[in-house]
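[1] here's my sequence, what's the structure:
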Amino acid sequence: MSDHDMPRLVMVVPNWPALDQAYMTGRLAAVEAVLRDRLILNLRSAGLLTERQAAAEFRVDYLASHGTGPKGLDINPEVLRRLLVCGIVMTGGERAAALLVESMTLAYGPEAGIGADLPVRAAGTLNIDPFWTHGCPGEADYHMFGRRADALRAMGATQQQLADAGLSGADRAPDRVNLVVVDTGLPPSLIRPLGALTGWEVAVTDGGGLSVRKPGEALTGHGAMVAGNALALVSDTNVLDCPAIPDGIMDLPAFLGWIVAAMLSVKATVVVKQGEDAAAVAPPRSWVICNAWGVFDPGRELPEAPYSNNPAHPLAQAYRDLAQLGVDIVFAAGNCGQFCPNGRCSPDFTGPGRSINGANAMPEALTVGAVRHDGLWLGYSGQGPGITGLAPEKPDLCAPSQFENDLDAGPNTGTSAACGLAAGAVALLRTRWPSSAVDPAALRAILRETAVQPYGPPGWQGRTGHGVVNVAAAAAALDAP
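    Numbers count the residues shown, from 1 in each chain. The predicted structure is shown next:
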């Protein structure tokens, strides 16, 4: 069996001294030995070693480190290393993987988690159009439709509409809202620090050594596009960089563990800041996490520990923990709609009921599809219902995409552009209605109730969710007695 065909998994395990010592050396073989020894010891103690010994047939492929806190913030390293994240390859195949999944709690305790880590096919094997998020009509000579000003007007978010809704007044507190952009990285010009905090380093140790992604060192312009759309609605709030997404999410052996580790670091930061707010008897900050990314092909996931439909996956648990802290989570619906899916989309995860899956389909997320600013649904936008096992009414709503910037011809495409606009809308509303006053679930409900269906009857629809987000209408509903 080739390495490519072996199951890949993300493990999250509670730390203990021997594991901590091995993890901090960055030596994959040392971590592997400690994990295997603990597994075998506990299987033997339970009298299960003979029937489950194959569970120990794995190789540690990478360590997604979150042992060092973000610069500008003092976090106890022991807090950051309480849970450790490893990517593993099951050298014993699917049977060994199934036995390891079955043995996780016994071996490593009730907080341990495991789930698929998904390989991404090489870009060279696919025919990807340079306008890979173009809509249908993709037959048009030019793929863009209107400008950002048109998009803002369509979602009730022009300067006049926002002023009429009371969202430009003195009662706003933009400095108490932190927008976290989980993407390919932001240019320094778009980062609005929280004190000395600009974001989070994302560090991964693998067979090639240690690689570190730092805030302000963008891999591509994708994050700038997403953040630029958010800032068009709320230019005066804090914007923090979490550069956890690789270039194009392609040509990778695995990557979900990187996101898990990054979200654990973000969670630790939120907890520290919430403690500071409480100690200062200050209004608590609101946090909004913008996730304009998704997995195109979960087809190689392990049935016993999948990603696409698994609410117990370590990544789903990390986002759920953040939601329980009052954090707003905004996700793109993805670009695997049935009429013009991205070239990376698996046929098994394209179209209605399959294209919105994984963390993008969590009930705790505001999931955003894409329309043109005139309301025409874009045929690449992920379609509901959400995959069986997660939230069925996905997307929650939609926002405009396929438009140019106002000052240049730069493109804003895909559900990523729509996700940036929606995250900006949430952050803007939070400047007046913090999460301590309106919790994330209540805000999602108001955004759904006040969205406007571009066509068809009110209520949820598989293509557009509850309709196009309307910021002014949401503000009016929040202001109602």
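[2] next, give phi and psi for the residue nearest to residue 412 when sequence neighbours are not counted.
    Counting by CB to CB, 6 or more residues apart in numbering, residue 412 lies nearest to residue 403, which is 5.3 Å off, once chain neighbours are set aside. Where you see a C-beta, it was placed from the backbone N, CA and C, and this is true even at glycine. Dihedral pair for residue 403: phi -130, psi 160, per degrees, to the nearest 10.
[3] just residue 197 next, same as before
    phi -90, psi 120.
[4] wait, what's in contact with it?
    By CB atoms under 8 Å, 6 or more residues apart in numbering, the residues touching residue 197 are 70, 71, 72, 73, 240, 269.
[5] thinking again about what came up before, distance-wise, check the residue nearest to residue 412 relative to residue 47.
    Distance, residue 403 to residue 47, by CB to CB, to the nearest Å: 63 Å.
[6] count the residues that sit near the residue nearest to residue 412.
    25 (other CB atoms under 10 Å).
[7] list the contacts for it?
    144, 145, 146, 147, 148, 150, 151, 372, 373, 412, 417.
[8] looking at pLDDT only, which of those residues scores worst?
    Scanning those for pLDDT, the low point is residue 144. It has 81.
[9] check whether it sits in a helix, strand or coil.
    coil (DSSP: H, G, I helix; E, B strand; the rest coil).
[10] spatially nearest residue to it, not counting backbone neighbours?
    Per CB to CB, 6+ apart, closest to residue 144 is residue 404, 5.0 Å.
[11] can you give me the separation between that neighbour and residue 247?
    Residue 404 is 23 Å from residue 247, by CB to CB.
[12] what's the answer for residue 346, then?
    Taking CB to CB, one finds residue 346 at 20 Å from residue 247.
[13] and the two? which has more neighbours close in?
    residue 346 (18 against 14).
[14] how about that one: what's its closest non-neighbour residue?
    residue 297 (3.8 Å).
[15] just residue 94 next, same as before
    residue 7 (5.7 Å).
[16] thought the one you found was touching residue 95?
    No - proximity of residue 7 to residue 95 does not meet the contact threshold set by CB atoms under 8 Å, at 9.8 Å.
[17] neighbour-wise, which of these two wins?
    Taking other CB under 10 Å, residue 7 and residue 95 do not tie; residue 7 has more neighbours (28 against 14).
[18] hmm, back to that, in helices, which of the contacts of residue 197 fall?
    In this view, those that belong to helices under DSSP state H are residue 269.
[19] buried ones among the contacts of residue 197?
    Buried members of these, scored by 16 or more other CB atoms under 10 Å, are 70, 73, 240, 269.
[20] for this structure, which residue is closest to the average position?
    residue 291 (3.9 Å; CA atoms, centre = their mean).
[21] which residues sit in contact with the spatially closest residue to that residue that is not a sequence neighbour?
    Nearest in space to residue 291, with sequence neighbours left out and distances taken as CB to CB, 6+ apart, is residue 331 at 4.6 Å. Counting by CB under 8 Å, 6+ apart, residue 331 touches 291, 294, 359, 360, 362, 365, 366, 367, 368, 419.
[22] quick check: residue 461 touching residue 453?
    Yes - with contact defined as CB under 8 Å, residue 461 reaches residue 453; the gap is 6.8 Å.
[23] quick check: buried residues in stretch 410-420?
    For stretch 410-420, by 16+ other CB under 10 Å, it's 411, 412, 413, 414, 415, 416, 417, 418, 419, 420.
[24] and if you look at stretch 158-178?
    158, 161, 162, 165, 167, 172, 174, 176, 177, 178.
[25] tally of neighbours for the spatially closest residue to the first one that is not a sequence neighbour?
    Here the nearest residue to residue 158 in space, its sequence neighbours aside, is residue 152; by CB to CB, 6+ apart that works out to 5.4 Å. By other CB under 10 Å, the residues close to residue 152 number 25.
[26] sec struct for the closest residue to residue 148 other than its chain neighbours, please.
    Nearest non-adjacent residue to residue 148, counting by CB to CB, 6+ apart: residue 406, 5.0 Å away. Of the three states, residue 406 takes coil according to three-state DSSP.
[27] identify the residues contacting residue 406.
    Neighbour list for residue 406: 147, 148, 149 [criterion: CB under 8 Å, 6+ apart].
[28] dump the residues you listed into CSV; add neighbour count and secondary structure as well.
    Formatted as CSV, the contacts of residue 406 follow (neighbours: other CB atoms under 10 Å; DSSP: H, G, I helix; E, B strand; the rest coil):
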residue, neighbour count, secondary structure
147, 18, strand
148, 21, helix
149, 16, helix
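[29] lowest-scoring secondary structure element of the protein by mean pLDDT?
    Within the chain, no helix or strand scores below helix 77-80, which has a mean of 83 by mean pLDDT, DSSP states H and E.
[30] paired strands for the very next helix or strand once past it, with orientation please.
    Next along the chain after helix 77-80, taking DSSP states H and E as the criterion, comes strand 83-89. Note on strand 83-89: by DSSP bridges, its sheet partners are strand 8-14 (antiparallel), strand 59-65 (antiparallel).
[31] where among those is average confidence lowest?
    Going by mean pLDDT, the lowest-scoring of the strands paired with strand 83-89 is strand 59-65, which has a mean of 91.
[32] chain center to that strand: distance?
    When distances are taken as CA atoms, centre = their mean, to the nearest Å, strand 59-65 is centred 20 Å away from the chain's centroid.
[33] ok, and for that strand, which residues are buried?
    Quick answer for strand 59-65 (16+ other CB under 10 Å): 59, 60, 61, 62, 63, 64, 65.
[34] tally of neighbours for residue 209?
    8.
[35] which of the contacts of residue 331 has the largest number of neighbours?
    For the contacts of residue 331, neighbours tallied by other CB under 10 Å; top is residue 368, 36 neighbours.
[36] quick check: which element contains residue 398?
    Residue 398 belongs to strand 397-400, assigned by DSSP H and E.
[37] quick one: the helices in the stretch 201-350 of the chain?
    Under the criterion DSSP state H, counting those that start in this stretch, the stretch 201-350 of the chain contains helices at 222-231, 256-279, 314-324.
[38] including mean pLDDT and distance to residue 389, could those go into a markdown table?
    A markdown table is the format used below for the helices of the stretch 201-350 of the chain (pLDDT from 0 to 100; distance: least, CB to CB, whole Å):
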| stretch | mean pLDDT | distance to residue 389 |
| --- | --- | --- |
| helix 222-231 | 97 | 28 |
| helix 256-279 | 95 | 17 |
| helix 314-324 | 97 | 10 |
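[39] TSV for the contacts of residue 403, including distance to residue 208?
    Conversion of the contacts of residue 403 to TSV gives the following (distance: CB to CB, whole Å):
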residue	distance to residue 208
144	39
145	43
146	44
147	43
148	40
150	46
151	41
372	43
373	44
412	35
417	33
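[40] which one of those is nearest to residue 260?
    Within the contacts of residue 403, proximity to residue 260 (CB to CB) peaks at residue 417, which comes in at 25.9 Å.
[41] which residues does the closest residue to the closest one other than its chain neighbours contact?
    Closest residue to residue 417 apart from its sequence neighbours, by CB to CB, 6+ apart: residue 401 at 4.3 Å. Neighbouring residues of residue 401 by CB under 8 Å, 6+ apart: 133, 135, 151, 370-372, 378, 381, 412-418.
[42] in helices, which of those residues fall?
    If you go by DSSP H, the contacts of residue 401 have 151, 414, 415, 416, 417, 418 in helices.
[43] which among those residues gets closest to residue 437?
    residue 418 (26.5 Å).
[44] tell me the contacts of the closest one?
    So residue 418 contacts 332, 333, 368, 369, 370, 371, 381, 398, 399, 400, 401 (CB under 8 Å, 6+ apart).
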